[in-house]
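Asker: Got a sequence here, can you build the structure:
(one chain, ligands or ions: 1)
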Amino acid sequence: MDELALIWQNVTNYFKSELTEMIYNTWIGRLEPKSLENDVLTIHAPNEFTRNMINLKYADSMAKYLKSITSRDIKIYVTDPSMDNVEVSENDRENFDISSDETNAFNKDDLEKRNDESMVEDGLLKYDDSKDYKFEEIGLSDRYTFENFVAGKSNEFALSASIAVSKSPGRSFNPLFIYGGAGLGKTHLMHATAKAILERFPEKKVVYLSSESFTNELIRSINTRKNEEFRKKYRNIDVLLIDDIQFIAGKTGTQEEFFHTFNELYSNNKQIIISSDRPPKEIKTLEDRLVSRFEWGLIADIQKPDFETRVAILKNKVETEKIDIPEDVIEYIAMNVKVNIRELEGALLKVAAYKSLMKIENMNLDFAKEVLSKIISDTEEVEITIELIKNTIVSFYDLKENDLESKKRSKNIALPRQIGMYLSRKLTDLSLLKIASSFNRDHSTVIHGIDKIEDLVKTDNKVKDDIEKITEIIRSK
Ligand SMILES: Nc1ncnc2c1ncn2[C@@H]1O[C@H](COP(=O)(O)OP(=O)(O)OP(=O)(O)O)[C@@H](O)[C@H]1O
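Answerer: All right, here's what the predicted structure looks like:
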């Protein structure tokens, strides 16, 4: 047996022991080892989609495993048939504003962010070929269901809207536009909605994909002169879910195509569900006509979860994964990882992994703190400074850079200035004197400003609302 065959046999055995049979057969079982030269292991995947998934999900662990058995840094290089013959011209690249990385393969970081979501092309084929599919095969994760989506104040509106849409697609809220920060559950809700629709209406054609996959597929169709097929495919479905729509911002060609797809589906009462990291109006270089279409339906936001919701999410995870972690450790994690649910779950899984690897029977809080020290210091919120507060206020109210420190007393500047003083007092430990000097005022003016805002917060909803939004922006920086 030559070295390539030997290594490949080890690799396949390793993955067989790590993965379920179905997953192994879907991904690793379809690869062919081609060569091992200069410590580069070249593997051939049957299609681009499989290549992307291998790069995303398995290449790293394959390299790590190879290192453990050979002590060499063997690089994994995956090819597929599309790499030989589809060329993207400079012209296309400009028109679609994509880098060469994006055309040939998904950029790995982006892919990592987007998890399994780029499976659409294959998924749709399988879906069309047979109704006897598994959700995973059409790009919908088994893990993401309505049942295991923990509801809280921060997400209940988006959750209810998604459930309503899943019960009567095309008839309740169309389009449904869900937005929220990274790791707050948009993808989870979209997968859950798509699956609930398929369970209720198995005859419906449901397509879920990221806006980048849509762009890539569009380009490929143009290059292979299959534009018509592409159009037909996307204009003949019942439910279209596009994740992370912000990525089509600035890509004129993609926006044009998407606009027509949208119109066609919408006018035929087909359901469109879109997610984004921000509301339509705030997606820079998104054409106005798309912004206005996105606003035709329902816009639902997902906010950062509060402490109770974070605890509930962790408890839910502990239960479903059958992890044995004490209550105080759960609370410690919920107290410290506040912004991103992906990181919240990551912290829990890390503690669980240590517990099992080190065969610890009774995990205690001190041990958990040690395990999490790196994660928690990395995710700790940045220190809030007066500069950060002032900059946020200036851009929130569209003021000029030095307006807050200036002598100007018009209401449109005086009120934001007083809000700045109030928030500086609330969000930092700085003395009144320091705050006063930073706003170029004396300390009694600051006291007056803070008192005034404290009163307004109780009586003026707009001021209260503004302050909440500004605080949110500051905390998320
Ligand atoms: N309310 C929730 N209940 C249970 N799990 C949740 C909830 N919200 C998010 N999660 C989990 O958090 C992780 C991140 O969620 P998801 O990938 O849906 O976020 P996202 O908003 O799409 O993020 P991104 O913008 O980075 O793609 C997932 O594992 C998801 O299951």
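
Asker: Can you name the residue of the stretch 201-350 of the chain that approaches the ligand most closely?
Answerer: As assessed by C-beta to the nearest ligand atom, the ligand sits closest to I341 within the stretch 201-350 of the chain, at 3.6 Å. Where C-beta positions appear, they are placed from N, C-alpha and C, glycine not excepted.

Asker: Then the chain?
Answerer: G185 (2.7 Å).

Asker: What residues does T50 make contact with?
Answerer: Residues in contact with T50, defined by C-beta atoms under 8 Å, 6 or more residues apart in numbering, are W27, R30, L31, D80, D122.

Asker: Top of the residues you listed by number of neighbours, please.
Answerer: L31 (21 neighbours; other C-beta atoms under 10 Å).

Asker: Give me the spatial nearest neighbour of that one, chain neighbours excluded.
Answerer: I43 (5.0 Å; C-beta to C-beta, 6 or more residues apart in numbering).

Asker: Ramachandran angles for the closest residue to N174 other than its chain neighbours?
Answerer: Spatially, and ignoring its direct neighbours in sequence, N174 is nearest to G297 (4.9 Å; C-beta to C-beta, 6+ apart). G297 adopts backbone torsions of phi -100, psi -130, taken as degrees, to the nearest 10.

Asker: Likewise for L36?
Answerer: Dihedral angles (degrees, to the nearest 10) for L36: phi -130, psi 100.

Asker: these two touch, right, it and A5?
Answerer: No. Look at L36 against A5 with C-beta atoms under 8 Å: they stay out of range, at 9.6 Å.

Asker: between the two, which one's more packed in?
Answerer: L36 (19 against 11).

Asker: Name all residues that make contact with the more buried one.
Answerer: E3, L4, I7, T42, I74.

Asker: ok, and the helix or strand in the chain with the lowest average confidence?
Answerer: Every helix and strand in the chain was compared by mean pLDDT, DSSP states H and E; the lowest is helix 100-104, with a mean of 30.

Asker: which residues touch stretch 306-323?
Answerer: 148, 150-155, 305, 324-325, 330-331, 333-335, 337-338, 341, 344-345, 348-349, 352.

Asker: ugh, wrong one, stretch 329-349
Answerer: With C-beta under 8 Å, 6+ apart, stretch 329-349 has contacts from 181-185, 304-305, 307, 310-311, 313-315, 317-318, 321, 323, 325, 351, 363-365, 368-369, 372, 375-376, 379-381, 476.

Asker: end-to-end on it?
Answerer: Start to finish, the residues bounding stretch 329-349 are 12 Å apart (C-alpha to C-alpha, to the nearest Å).

Asker: How far does that stretch sit from its chain's centre?
Answerer: Relative to its chain's centre, stretch 329-349 lies at 17 Å (C-alpha atoms, centre = their mean, to the nearest Å).

Asker: Likewise for stretch 140-151?
Answerer: Counting by C-alpha atoms, centre = their mean, stretch 140-151 comes out at 15 Å from the chain centroid.

Asker: buried residues in that stretch?
Answerer: L140, S141, Y144, T145, F146, F149, V150 (16 or more other C-beta atoms under 10 Å).

Asker: Just the element for the third one, please.
Answerer: Under DSSP states H and E, no helix or strand contains Y144.

Asker: What pLDDT does the model give it?
Answerer: You'll see Y144 listed with a pLDDT of 92.
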